[in-house]
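In: prediction below, plus the sequence it came from.
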Amino acid sequence: MEIVRGLGVLGCGLLVAAMAGAAERGDASEWPVVQLGGRTGPAPVLKSRDNSYRLGDEWGKKPVTETDLRDPIFARAARATARVGGGTGFYLGFFGGYHVVATNHHVCPNVRSCVGSAAIFPLLKLRFRITRSLGTWPQIDLSLLLIEVPKVEDARALGEVAANFDFDSPITAGQELLTIGFGSYDNQFSELRANQDQDCKVFSAENEFRLMADPDEINPGPYRAWSFANGCDVSHGDSGSAVVDRRTGRPIGILWTGRIPKSSQVQSSAYLDRLLQSPTEETWTELSYSVPAVKAREVLELLMGEGKIPGAEAAIVREVIGGTG
């Protein structure tokens, strides 16, 4: 597998322009892969079948199949997943008269970077122009984007798969998760792939969140983000994936990073089981990390209270964090 090199501060604008152009052309093979955590230095090159990304006994990220889609919770989450730039995004719903998609801050690092490119929903066989950004916030590694949906039948199709963040339910240790994205590891053709194996669950304690630095030792990102720990297999290109409660089908957070390379210890499911039962500091250094929805709402409310989100955008954001979608 080859990951894009030279993602320096100076090169960010060129990267974003390349993503926008390639996304509009629909040529997945030319999309630069957005890194987990929003890195600003050279990207690592990790070979296919290298185990640097794996958590537990197996690499659990598998192609989406027709059998998977018989499960209504899985099917909704998969159909709501979109390619955004070189990363992943997902459809939240219709708020204030606008269709809203979520992805990471580091996928769309400023309010202009993804505007004019496309959000592409492969399972719906639909693509929509990104027309506007409501904002992009590194502390919660979140960008909220508006897409143009001119056809009534397309709006109906999106409405059937909409699921806003679950801002209220507790995030608990052992909670079983589902992640779906376009991660590049062992995925030469950028297929949509999903992880719901035995290790893909919450590992931090109930509502235990940390404002943490990127634990990637190869190429860490430059900022801290609010996080909870989980054992889901993710790789570059999965940035911006929804982290879905496997029981309710609601997104409880958004993926932002993970430890790379993984230590040999956490590549054992038995060891992960022991870590879940008796947490250590490894919980916060060795796993995958996602921004919890509850902290996203808290930060957005604070920013709006301080007048740091413009009025027109704030009105839509307020509906997102106050509604169910």
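Out: Noted; the coordinates are in hand.

In: so where's the longest strand in this structure?
Out: Looking across the chain with DSSP state E, the single longest strand is strand 126-137.

In: so which strand or helix has the closest residue to E301 other than its chain neighbours?
Out: Nearest non-adjacent residue to E301, counting by CB to CB, 6 or more residues apart in numbering: I321, 6.8 Å away. (C-beta placed from N, C-alpha, C; glycine too.) Here I321, judged by DSSP states H and E, is contained in helix 311-322.

In: what helices and strands are in contact with that helix?
Out: strand 87-95, strand 98-103, strand 126-137, strand 142-147, helix 293-305 (3 or more CB pairs under 8 Å, 6 or more residues apart in numbering; DSSP states H and E).

In: mind redoing it with 6 Å?
Out: strand 87-95, strand 126-137, helix 293-305 (3 or more CB pairs under 6 Å, 6 or more residues apart in numbering; DSSP states H and E).

In: among the ones you listed, which comes closest to S169?
Out: helix 293-305 (8.6 Å; CB to CB).

In: which residues sit against the closest one?
Out: Contacting residues not belonging to helix 293-305 are listed as 139-140, 142, 165-167, 209, 226, 252-253, 309, 314, 317, 321 [CB atoms under 6 Å, 6 or more residues apart in numbering].

In: between that helix and helix 311-322, how many degrees?
Out: For helix 293-305 against helix 311-322, the angle by axes from the mean of the first three to the mean of the last three CA atoms, to 10 degrees is 150 degrees.

In: in the stretch 101-250 of the chain, which spans are strands?
Out: 118-121, 126-137, 142-147, 177-181, 193-195, 210-213, 224-230, 242-245 (DSSP state E, counting those that start in this stretch).

In: helix, strand, or coil at L272?
Out: Under the three-state scheme (DSSP: H, G, I helix; E, B strand; the rest coil), L272 adopts helix.

In: from the contacts of helix 293-305, which is closest to W59?
Out: G253 (21.8 Å).

In: show the pLDDT at that closest one.
Out: Note for G253: predicted pLDDT of 98.

In: likewise L7?
Out: pLDDT recorded at L7 is 30.

In: give me the buried positions along stretch 54-65.
Out: R54, L55, G56, W59, G60, K61, V64 (16 or more other CB atoms under 10 Å).

In: what's the answer for stretch 97-105, then?
Out: For stretch 97-105, by 16+ other CB under 10 Å, it's Y98, H99, V100, V101, A102, T103, N104, H105.

In: any stretches of the stretch 1-150 of the chain with poor pLDDT?
Out: Applying pLDDT under 70 to the stretch 1-150 of the chain flags the ranges 1-35, 38-50.
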